[in-house]
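**Student:** 3D, please:
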Amino acid sequence: ILAMVGSADFDNKDIQGEINMSISPRQPGSSIKPLTYLAAFEKGWTPATLIWDVRSEFPPSGDPNDPRDPYIPVNYDEKYHGPVTLRTALANSYNVPAVKTLNYIGIYDDPETPQKEGLIPFAQRLGITTFTRNDYGLSLTLGGGEVTLLDLTGAYATFANGGRQVPTVAITKIQDFEGNLVYEYQQPAGEQVIRSEHAFLLSSILSDYQARIPGFGTSPVINLPFKVAAKTGTTNDFRDNWTLGYTPDLAVGVWVGNADYTPMQDTSGLTGAAPIWAKVMEEGIQQLTGGNPSDFSKPAGIIERVICSVSGTEPSKYCPSQRSEYFAADQPPLPVDQDLWEEVQVDTWTKKLASLECSGYSEEKLGIHLDDPWAIMWVTKKEGNDWSKSMGLTRDPFVISKDNVCDANDPRPILEFSSPRQNDVVSSSPLKIFGKVDATGSFDEARLEYGQGRDPVQWETIFIIDNPIKDMSEIYSWDISELPTGLYTLRLYMTSTKDGFAEKQILIDNQLPTPTPTPTVSPTPTSTLSPTPTVTPTASETPMDTSTATPTSTDTPTPTHTPSLTPTNPPP
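**Tutor:** Purely as a prediction, here's the structure:
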């Protein structure tokens, strides 16, 4: 339904009153976004496709060779929302994901390919006749190209018809003054211009009240008492605002603005056009269906699958939450091995993904799949770190990217013990340690360390190596005479100038006898009786004891030797 309404005063030339706004090209704002995402469906995207809503820069025209300053889109709420699925991006009308989607599908057709592709050819297929310039940029998906209300409402009617396009008609019946039928419109079967599955997926998103809550709240005016697909649009300075929407029974488009392009005052598609649209929809549905609108029927080619609500893939064990999503049967969700998170082997020296060309020095880390350079930048900053924590990830995620794989051109560490070797039994001191400590690039320093047992919880530094040891030679002569016997792990730990590291460990068995100290033994004393002393009487009132005193024999104690565990040659 489209009411062809002119200006407030048809005869007022000062406001360009003599105009039919339904066929006057105006910028559609975000109401053009559904066409962008539909075109992406045709190139393999799904409602679960992950798009990174982060600060991003683009060449304005979409051409990487464009020399002009970059185009940096912002969202209506002036915030970024991190990783979002296509459903979330469209339902909340986020701008950055829409620009990324257009950058993916392209603006114009590529003449080098046989099929018609790009947003403009796709829009023309849906009946948009006004995209005729040759200088459109990526802002086209945000309303940067003019359309007519008649054309755009016709496109939405095609969505309502499950992708079948029926020509727009103004006159359906003519009768004469006596009631005789002069003319009656016979509706043709129409042409299937988009897949019914894709039309259903779009309708599912545009009618998803729950998905649009972050951007529109819980009760926007476009939420009607029955299920209805709807999209609003607002242009700069509030010069144009739009609301278009449909059920399978009725499609309605509303534009609000000034014919002379003067801006309105803080009037958006949601506050200006939407209330009008909502009233027309409710009245129309009541008249057409008695208040019982048809629901969007699910084509046979639609399947429902459980996905990770964050990544959009089949959920892995790291997925923090899950939900159901619709898919075309031939375009299912990405498999679990393409989830956002994956345990990977990381080369410790280059801090890149390990490969066959970079073996020997790696550790397992929790990785995150990223190819978007702006997402990589975002993840490594505070917002990204906060997001990782909100996902319940306690470890800093490693970025898994096709550009972050170690290869033969990267520097490599060189660490080797030549003596002692793995599982050697050591029985003499000092222990001379021979080896090689070097790197083909990025050498910083190294440490020779030891720890007790097979898997030490604490390492003690024996010697610091400030310069590379390029040839096999003695690293250190280590006095182990004071160490208790048993197993020890020796480690060469080398750091790089780029925050990488490499280590080499060997296990040795210290069987050096602990020296037993020889005690100094004093001679055993012989108990001897002294001769009876001659007592010289002295004047005393108390008689003196004249008994013989026997001396007490005392042994000299044997000293106890406690061996020290401190090396006699302490590390520097």
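
**Student:** How about residues contacting stretch 94-102?
**Tutor:** The set of residues external to stretch 94-102 that reach it, using Cβ atoms under 8 Å, 6 or more residues apart in numbering, is 30, 33, 36-37, 40, 45, 51-56, 58, 62, 71, 73-76, 80-81, 84, 86, 88-90, 119, 138-142, 215, 372. To be clear about C-beta, it is placed using only N, CA and C from the backbone, and glycine gets the same treatment.

**Student:** Find me whatever residue is spatially closest to Ser321, sequence neighbours aside.
**Tutor:** Ser309 (4.7 Å; Cβ to Cβ, 6 or more residues apart in numbering).

**Student:** ok, the one you found to Gln322 distance?
**Tutor:** Per Cβ to Cβ, to the nearest Å, Ser309 is found 6 Å from Gln322.

**Student:** Would you mind naming the helix or strand containing the residue positioned nearest the centre of the chain?
**Tutor:** The chain has Pro83 as the residue nearest its centroid, 5.8 Å off, counting by Cα atoms, centre = their mean. Using DSSP states H and E, Pro83 sits in strand 82-85.

**Student:** Name the residues of that strand that are buried.
**Tutor:** Of all the residues in strand 82-85, those buried under the rule 16 or more other Cβ atoms under 10 Å are Gly82, Pro83, Val84, Thr85.

**Student:** Give me the average confidence score over it.
**Tutor:** Averaged over strand 82-85, pLDDT sits at 96.

**Student:** Helix or strand next in line after that strand, which one?
**Tutor:** Taking DSSP H and E, what comes next after strand 82-85 is helix 86-91.

**Student:** Now do the contacts for the residue nearest to the centre of the chain.
**Tutor:** Leu50, Ile51, Trp52, Asp53, Val310, Ser311, Leu340, Ala375, Trp387.

**Student:** now the end-to-end length of stretch 297-305.
**Tutor:** 18 Å (Cα to Cα, to the nearest Å).

**Student:** Low-confidence stretches in the stretch 1-150 of the chain?
**Tutor:** Scanning the stretch 1-150 of the chain with the threshold set as pLDDT under 70 gives 1-7, 16.

**Student:** Which parts of it are helices?
**Tutor:** 33-42, 86-91, 95-105, 119-125, 149-160 (DSSP state H, counting those that start in this stretch).

**Student:** Tell me the buried residues in stretch 473-485?
**Tutor:** Ile475, Tyr476, Trp478, Ile480, Ser481, Glu482, Leu483.

**Student:** repeat for stretch 213-231
**Tutor:** 215-216, 220-224, 226-231.

**Student:** Among these, give me the pair with the biggest separation.
**Tutor:** Farthest pair in the buried residues of stretch 213-231 (Cβ to Cβ) is Gly215 and Phe226. Separation: 21.4 Å.

**Student:** Phi, psi for Val379 please.
**Tutor:** Torsion angles at Val379 (phi, psi; degrees, to the nearest 10) stand at phi -60, psi -30.

**Student:** show me the contacts for it.
**Tutor:** Ile368, Leu370, Asn385, Trp387, Ser388, Pro397, Val399.

**Student:** Have a look at these and tell me the least confident one.
**Tutor:** Pro397 (76).

**Student:** pretty sure it is in contact with Leu370, am I right?
**Tutor:** No. With contact defined as Cβ atoms under 8 Å, Pro397 does not reach Leu370; the gap is 9.0 Å.
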